[in-house]
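# Any chance you could fold what I've pasted below:
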Amino acid sequence: MNQQRLHQIFDYKNGILFRKCNGKIAGSIDTKGYLISSVDGKRQKNHRIIFMMHYGYLPKIIDHIDQNPANNCIENLRAVSYAQNSLNSGTCVRNTSGFKNVDWLKSKRRWRVYLKLNGKRTLFGYFRDLELAGLVAVEAKDKYMRLNFGCL
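Take a look at the predicted model:
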């Protein structure tokens, strides 16, 4: 898959790929909500096709800034590291606090705020108030992303 070949097969408009051969929208939705299209007999995620069409290379990880896998507008896509991508992911299905990076520590009877930085869990404190813990978690994530990755 290269940039020139993709421009032969697809047209891009406002986050949507159209097949040049018939003008129809390209792709079908997979079980995780990503659009997938066939390129020369190989299935590719549409956001990866769009990124390659615009920038001419494929990074290992492409992040949907708004966390919506169906929003493939080029302005919503960015090349990121694994750490950046995990910081921009949603909450886990087992999450009980409703806030990413906040969990209940039964032994302290407090909400714990943490981020996983450089492969290690970094503690940002324990809080009685869940809303405060959630605010601290969001602020810690935003500050870390700005300082270390120059984004957000």
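# what ranges do the helices span in the protein?
If DSSP state H is used as the criterion, the helices of the chain fall at 3-9, 46-55, 82-87, 130-149.
# and of the ones you listed, who's closest to Lys106?
helix 130-149 (14.5 Å; Cβ to Cβ). Any C-beta I mention is one placed from the backbone N, CA and C, and that applies to glycine too.
# elements contacting the closest one?
Packed against helix 130-149, as judged by 3 or more Cβ pairs under 8 Å, 6 or more residues apart in numbering; DSSP states H and E, are the following elements: helix 82-87, strand 102-105, strand 110-117, strand 120-127.
# residues contacting Phe124?
By Cβ atoms under 8 Å, 6 or more residues apart in numbering, Phe124 lies in contact with Val113, Tyr114, Leu115, Val136, Ala137, Ala140.
# and the helices of the chain, which is most packed in?
helix 46-55 (a mean of 20; mean count of other Cβ atoms under 10 Å).
# what's in contact with that helix?
Helix 46-55 has contacts (Cβ under 8 Å, 6+ apart) with 1-3, 6-7, 10, 12, 15, 17, 26-27, 34-37, 39, 58-59, 62, 64, 69, 72, 74, 77, 79.
# Give the ChimeraX command for selecting the buried subset of those.
The buried residues among the contacts of helix 46-55 can be selected in ChimeraX (16 or more other Cβ atoms under 10 Å) with this line:
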select :6,10,12,15,17,26,27,34,35,36,37,39,62,64,69,72,77
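# Mind listing what's buried along stretch 115-127?
Within stretch 115-127, the residues scored as buried using 16+ other Cβ under 10 Å are Leu115, Phe124, Phe127.
# For this protein, give me the ranges with low pLDDT.
By pLDDT under 70, the weakly predicted segments of the chain are 87-91, 93, 145-152.
# and if we set it to 50?
151-152 (pLDDT under 50).
# So it: which segments form each domain?
Using automatic domain parsing, the domain parsing of the chain gives 3-80, 90-149.
# got a markdown table for the helices of the chain, with distance to Arg94 too?
Output for those, formatted as a markdown table (distance: least, Cβ to Cβ, whole Å):
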| stretch | distance to Arg94 |
| --- | --- |
| helix 3-9 | 39 |
| helix 46-55 | 27 |
| helix 82-87 | 16 |
| helix 130-149 | 16 |
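# Tell me which of the ones you listed lies nearest to Ser107.
For these, proximity to Ser107 was assessed by Cβ to Cβ; helix 130-149 is nearest, at 16.0 Å.
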